[in-house]
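Enquirer: Okay, structure incoming, though there's no sequence with it:
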């Protein structure tokens, strides 16, 4: 795994215009079964919660995602400072 992380890979990603623009999410819901993790990315708005995207991955892939996010967050905080987590009660929309 260490050697895999050290290798820099360049891949070609193809996406239509709408997909390449990305989507904003300020909440998520995670569920799992024996063979998959389901991640629902949500947008909480004054009109309620809206599903932005659903991603279904294997348990092995979720572990790689968590590792990659942890590593990237650590590098982000080294460069820009600690990320402050807002209390859930403070995130309610007015």
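Expert: That came through, no problem. In this text the structure is predicted, and so the values were computed from the model without any measurement.

Enquirer: Could you give the separation of stretch 65-74 from the chain centroid?
Expert: On the basis of Cα atoms, centre = their mean, to the nearest Å, stretch 65-74 sits 10 Å off its chain's mean C-alpha point.

Enquirer: Show me the contact partners of that stretch.
Expert: The contact list for stretch 65-74 (Cβ atoms under 8 Å, 6 or more residues apart in numbering) reads 57, 83. From N, CA and C alone the C-beta is placed, and that goes for glycine too.

Enquirer: buried sites along the top helix by length along the chain?
Expert: Of all the elements of type helix in the chain, the one with the most residues (DSSP state H) is helix 59-80. Neighbour counts over helix 59-80 (16 or more other Cβ atoms under 10 Å) mark residue 62 as buried.

Enquirer: Isn't residue 76 up against residue 82?
Expert: No. Counting by Cβ atoms under 8 Å, residue 76 stays clear of residue 82, with 9.7 Å between them.

Enquirer: distance between the ends of stretch 49-66?
Expert: Using Cα to Cα, to the nearest Å, one end of stretch 49-66 lies 24 Å from the other.

Enquirer: give me the number of residues near residue 16?
Expert: 7 (other Cβ atoms under 10 Å).

Enquirer: Per-residue pLDDT of residue 92, please?
Expert: You'll see residue 92 listed with a pLDDT of 62.

Enquirer: Surely residue 44 is in contact with residue 28?
Expert: No. Residue 44 lies out of contact with residue 28 (Cβ under 8 Å); the separation is 10.2 Å.

Enquirer: Can you list the buried residues in stretch 38-54?
Expert: For stretch 38-54, using 16+ other Cβ under 10 Å, the buried residues are 39-43, 52.
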